[in-house]
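S.K.: A predicted structure for the sequence below; I have some questions about it.
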Amino acid sequence: MTTLVEALQRKFKDLAADELSPECKLKPASRAGGTVPVCTRVIAMDHQEISCIGDPKEMGSIFEDVRELDVSTNHIRFWSDVFVLLESSPQLQFLNLSYNPLHESSLFCESDRLPDLSTQSALSHNNNCCADLGCDLNLRTNSSNSAINLLVELSLSEYERQNEQCKLVPVCLSHQLNTLMLNSTHVPWKRVLILLNYLPNLTTLHTALNDYRYCCQEATTQPDRQDVANCASSFPNLTHLYFSENRIDDWATVCCLGRHFPGLKHLVLLKNPLPRIQRPPGDGSDPSPQIFANLIDLNLTETQISTWECIDALTWWMPFLSSLRLGKNIPLVEVGGIRFTWTLVVFLQGCDAQTVRYDVIARMPSLTSYNITPISDDERERAERDFVRRFGQLDAIQRPYRYWELESLHGHLPPLASVNLSPKRNVRLRVVLDNQEKWHTCCLRRSIAKIRREVCALFEMPAEDVKRTRLVYYDMDLIAAQGPEEMRNLSRLLYTYHPADGDTIEITLRS
């Protein structure tokens, strides 16, 4: 285990100034034996066995100009160390804390009363400070449901505890931080929301692999406008949320995220076991009090979306959605002999991805990109016209709501004629040996030698007799004009004879 300051010294002490890029250079020590400050805008310190930050006095010189910092996959446990890091990095815009056991400690000390920090006695007896305040710096996840009084939040860094000091948490932890990564930290979601109150300019949040299942206990699929407007924990500045590989299996939880982040533009729900998307209540004239009014990009890859009704519901919830990702493992099949009916369509592997793409495009008029591939005006018109053709063959009760909108735009379109221009691969031939007759399907791309073995096997001829046989071909359309033709060239392919179904091959034995 080591501190961040020590890890930095190990990483950069052997580098010469000319080995670094213009944005990463070393400064000489100001005094003999002093720490060599590192001036860089981007620092990666992942997998360095870091357990704490170190002396914060060294942080100011090292991180005075840092913009991006990656300390993922270390052993940082205390949020107080994170707060010291933010305080010592005034220009920090990107912070990656992923794969650190931050769930093992609470954000702040919890207490029913504020300590009297104006007296010397309050600053002494540091060892009893947390006990007097009722603080538990090693609060585990299973006790995270206890109420946290925001009026008495305290941050005790490791350095301050060693120096018998205790100070109140500032109203804002960082004015510059806009991206925070908390993947696989397992910090309770309630605690994350509390933290966001102190990061007013955060625009991007990564919380993947945290085993989240619920957002709020009061989550509902029928939110009203007052719930959205008066949401106690609302962060309108956050526009990008990465919520991949959690355990969300209810659309109500996704709606809860929308209430917390009304300015959300990009939402990633990759690999969440979400089976259904319910349509908003009512007649659809006032879709879901604009919970996702700003959302333009949604990723539902590797979820468990199972019906077309879910895709239609997205149009109601997200009227301005322009980019959708569903992945490639949700194809459609025919059910009960009726293709793409309103109630019978299911998602299964093995169907034409192009058909699925056309259906999604036709159902969602605001889309300009599907599965990261742009949608051109020509493709949209083809998809919509194909949609009208297919559903126009069904009864009116089976047609989705979107059909009527597209029919008014393109008119009623009859189905296209089905023409198969692919080359013929097989032919059905009559095979005759003496007084025996059998029918056999032959591949047109096979040689006469292979055809001879196949047709002889129909009559169970011994292998030694096969070599003594010859094949005679009868073209039933030309037999009267040119008679039979012996198939002498054993390497010649069958299709070169231009056989048709019903033609005859006669097997004869050479004397």
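M.R.: Received it, and whenever you're ready, just let me know what you need.
S.K.: the nearest residue to residue 359 once chain neighbours are set aside: how many residues sit nearby?
M.R.: Excluding its sequence neighbours, the residue lying closest to residue 359 (Cβ to Cβ, 6 or more residues apart in numbering) is residue 387, at 6.7 Å. The way it works is simple: take the backbone N, C-alpha and C, and place the C-beta from them, glycine included. Neighbourhood size, residue 387 [other Cβ atoms under 10 Å]: 23.
S.K.: ok, now which ones touch residue 387?
M.R.: 358-359, 362-363, 402-403, 406 (Cβ atoms under 8 Å, 6 or more residues apart in numbering).
S.K.: for those, which one is nearest residue 446?
M.R.: residue 358 (37.8 Å; Cβ to Cβ).
S.K.: tell me, how many neighbours does the nearest residue to that closest one once chain neighbours are set aside end up with?
M.R.: Of all residues not flanking residue 358 in the chain, residue 383 sits nearest, at 4.0 Å (Cβ to Cβ, 6+ apart). Residue 383 has 23 neighbours, counted by other Cβ under 10 Å.
S.K.: look at residue 383 and tell me its secondary structure.
M.R.: helix (DSSP: H, G, I helix; E, B strand; the rest coil).
S.K.: got it, and residue 254?
M.R.: helix.
S.K.: wait, the residue nearest to residue 358 touches residue 362, no?
M.R.: Yes - contact criterion Cβ atoms under 8 Å: residue 383 and residue 362 qualify, at 4.6 Å.
S.K.: wait, doesn't residue 391 sit right on residue 404?
M.R.: No - Residue 391 lies out of contact with residue 404 (Cβ under 8 Å); the separation is 9.6 Å.
S.K.: okay, now the unreliable bits of the stretch 301-450 of the chain?
M.R.: The stretch 301-450 of the chain contains residues with pLDDT under 70 at 329-351.
S.K.: before we move on, which element is the residue nearest to residue 359 in?
M.R.: Here residue 387 sits within helix 377-391, counting by DSSP states H and E.
S.K.: pull out the buried positions in that helix.
M.R.: Judged by neighbour count using 16 or more other Cβ atoms under 10 Å, the buried positions of helix 377-391 are 380, 383-388, 390-391.
S.K.: re the thing from before, can you tell me which of the contacts of residue 387 lies closest to residue 465?
M.R.: Looking across the contacts of residue 387 and measuring by Cβ to Cβ, the closest to residue 465 is residue 358, at 56.8 Å.
S.K.: how many other residues sit next to that closest one?
M.R.: Neighbourhood size, residue 358 [other Cβ under 10 Å]: 21.
S.K.: now it: which helix or strand?
M.R.: Secondary structure assigned from DSSP H and E places residue 358 in helix 353-363.
S.K.: how about residue 316?
M.R.: Using DSSP H and E, residue 316 maps to helix 308-317.
S.K.: elements contacting that helix?
M.R.: Applying 3 or more Cβ pairs under 8 Å, 6 or more residues apart in numbering; DSSP states H and E, one finds that helix 308-317 contacts helix 353-363, helix 401-410.
S.K.: tell me the most buried of those?
M.R.: Neighbour counts (mean count of other Cβ atoms under 10 Å) averaged over each of the helices and strands packed on helix 308-317 peak at helix 353-363, with a mean of 19.
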